[in-house]
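Q: The following block contains a protein sequence and its predicted model.
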Amino acid sequence: MLKGNFFRGLGYLGEGFRLIRQPGLRLFVLIPLVINIVLFGLFFYFLAEAFTVLIATVMGWLPDWQWLQALDWLFWILYGGVILLMLAYGFVIVANLIGSPFYGYLAELTEKHLTGQEVSTEEGWAAIIRDIPRALWREVQKILYYLPRAIGLIIIGLIPVVNLVAALLWFLFNSWMMALQYVDYPADNHKVSFKALRRLLGDTRLSAFGFGLPVALAAMVPVLNLVVVPAAVCGATAYWVRENGATRQ
């Protein structure tokens, strides 16, 4: 039987957006935000350049008919769709890899703001630098968890009839992954293993899907996906405190 509250889960991202405006949290929201903007700009630029070359190559293969040459607008529509999908997940993965030390500390500050209790005795830049290897390893663990399941869903999508449910499975899986991705930051601060975190989220699965759903949707919206990451970290920390936080350990 599924436990948790889907509608309560939906509210955590909104709470995250309110939390990122708190004075004590803004600095550790702005730094990864700047990193995300730079990454977004570089990613978009190089992908646009590569796609421009691809369009020119494909148009060069087509007969010199005016109506065919006018099809380049269609390729640019397809490009927009590809960008949307790639930014939704590829961009988030890269941004999280680079910003993970900041997000761990942001989760720590958010928990202190919500509970009034210290999560660790070390503060500031020393704590961020010290946690870089551990934070990167946690991100790698998430990627290793994600890839085989994503490949399995791709295979399902190739099977006739069965592939009719593939889109729904992808949607549910990505919502689950977004919950795992961001609740992992406060969980890691409490030295909860990634395996144990999966069990904890499984205990409140409906709340987890409720939280992950709007994060997954927001990650698909250009510009919004730049600010959704720190908001999701703060929202996930609120989830951790209220759904299955330190009292469950």
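A: It's in.
Q: Going by contacts, tell me the helices and strands next to the host helix or strand of Y105.
A: Using DSSP states H and E, the element containing Y105 is helix 92-115. Judged by 3 or more Cβ pairs under 8 Å, 6 or more residues apart in numbering; DSSP states H and E, the packing partners of helix 92-115 are helix 27-61, helix 124-130, helix 132-157, helix 166-189, helix 224-242. Where you see a C-beta, it was placed from the backbone N, CA and C, and this is true even at glycine.
Q: hmm, 10 Å instead?
A: helix 6-19, helix 27-61, helix 124-130, helix 132-157, helix 166-189, helix 224-242 (3 or more Cβ pairs under 10 Å, 6 or more residues apart in numbering; DSSP states H and E).
Q: List the buried residues of the fifth one.
A: Right, helix 166-189. Buried residues in helix 166-189, counting neighbours by 16 or more other Cβ atoms under 10 Å, are found at 166, 169-170, 172-189.
Q: How about the helix or strand harbouring S207, which residues are buried there?
A: Assigned by DSSP H and E, S207 belongs to helix 205-218. Buried residues in helix 205-218, defined by neighbour count with 16+ other Cβ under 10 Å: 205, 207-218.
Q: Any regions of this protein where pLDDT drops low?
A: Where the chain drops to pLDDT under 70, the residues are 1-2, 47-48, 50-52, 54-56, 58-92, 119-128, 131, 160-164, 245-249.
Q: isn't A218 right next to Y182, touching?
A: No: the pair A218 / Y182 is not scored as a contact, 11.7 Å apart, by Cβ atoms under 10 Å.
Q: circling back: could you save the buried residues of helix 205-218 as TSV and add columns showing distance to I98?
A: Formatted as TSV, the buried residues of helix 205-218 follow (distance: Cβ to Cβ, whole Å):
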residue	distance to I98
R205	30
S207	29
A208	25
F209	27
G210	28
F211	23
G212	22
L213	25
P214	23
V215	18
A216	20
L217	23
A218	19
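Q: out of those, which one sits closest to F6?
A: Ranked by distance to F6 (Cβ to Cβ), these are led by G210 at 4.1 Å.
Q: Compute the distance between the closest one and F7, please.
A: 6 Å (Cβ to Cβ, to the nearest Å).
Q: P148 now?
A: Here the criterion is Cβ to Cβ. By it, P148 lies 32 Å from F7.
Q: circling back to that earlier point, okay, and the common contacts of A218 and Y182?
A: Residues touching both A218 and Y182 (Cβ atoms under 10 Å, 6 or more residues apart in numbering) are 13, 228-229, 231-232.
Q: which of the residues you listed tops the neighbour count?
A: Counting neighbours by other Cβ atoms under 10 Å, A232 leads those with 32 neighbours.
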